[in-house]
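Colleague: this is the structure alone, sequence omitted:
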């Protein structure tokens with residue numbers, strides 16, 4: 001019980017950043033879904049490239065696709081436990097990336113038609129259900145890829161100026177699964193090639209800038225200063 005309390009104490013500061021991230025997700029993704037339903041946002045046909053037609057439909061990748069959120073939450077709080085600076089950098093990166101994608105969805109919305117594939121197994125049906133769960137919009141860029149790339153970047157930079165080393169086994173598992181999540185977006189035809197490149201081109205430069213300008217360090221210093229003043233009062 002004491003170990004659980006100690007662990008919670010070390011990651012409790014990350015609850016507010018996590019809530020801010022969730023809000024950015026809701027506003028950018030589901031906000032545009034609502035606007036599309038209301039007719040405020042209207043999309044144009046998705047600009048497929050030749051490579052999209054050569055990628056096969058592999059339904060079992062849907063299980064990696066659904067790993068995105070639970071794996072992302074685990075990685076987020078493990079990063080919070082290991083490296084506060086990296087956690088703040090990652091939160092700022094994700095929030096900015098999601099808000100940028102929300103603006104793109106609003107002004108450059110694309111509508112895409114799902115392929116006509118033969119549905120035989122439970123896994124096939126799960127993919128079909130996934131296609132119909134929301135409107136066929138908010139594709140470019142892929143927010144699933146945002147989270148997958150963030151997991152990879154977080155693991156690769158977690159040990160720089162860290163308070164605690166992140167397990168190498170954990171990093172290897174997360175990097176592998178995150179890579180499979182990126183592939184899953186195209187193999188289950190939920191996203192397309194351009195979505196992956198757009199997600200990478202948006203998120204990674206923002207994360208690099210946050211690291212170069214030490215945004216995480218500045219947030220941590222501000223937080224410690226605020227905490228110190230609170231104790232003095």
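Modeller: Okay, I see it. All values derive from a computational prediction rather than experimental measurement. Numbering: from 1, shown residues only.
Colleague: what segments of this protein are helices?
Modeller: 2-11, 15-25, 31-37, 50-54, 62-65, 68-82, 84-107, 122-132, 143-157, 168-187, 193-212, 215-232 (DSSP state H).
Colleague: just say which of these is most tucked in.
Modeller: helix 143-157 (a mean of 24; mean count of other CB atoms under 10 Å). Where you see a C-beta, it was placed from the backbone N, CA and C, and this is true even at glycine.
Colleague: now for that one, which elements pack on it?
Modeller: For helix 143-157, the packing partners by 3 or more CB pairs under 8 Å, 6 or more residues apart in numbering; DSSP states H and E come out as helix 68-82, helix 84-107, helix 168-187, helix 193-212.
Colleague: identify the residue nearest the geometric centre of this protein.
Modeller: residue 147 (1.9 Å; CA atoms, centre = their mean).
Colleague: give the contact list for that residue.
Modeller: Residue 147 makes contacts with 68-69, 72, 94, 181, as judged by CB atoms under 8 Å, 6 or more residues apart in numbering.
Colleague: quick check, pLDDT for it.
Modeller: As predicted, residue 147 sits at a pLDDT of 97.
Colleague: what about the helices and strands packed on helix 143-157, which gets the closest to residue 8?
Modeller: For these, proximity to residue 8 was assessed by CB to CB; helix 68-82 is nearest, at 9.9 Å.
Colleague: residues making contact with that closest one?
Modeller: Taking CB under 8 Å, 6+ apart as the rule, helix 68-82 contacts 7, 10-11, 13-14, 17-18, 21, 86-87, 90, 144, 147-148, 150-151, 154-155, 158-159, 162-166, 170, 174, 177-178, 181.
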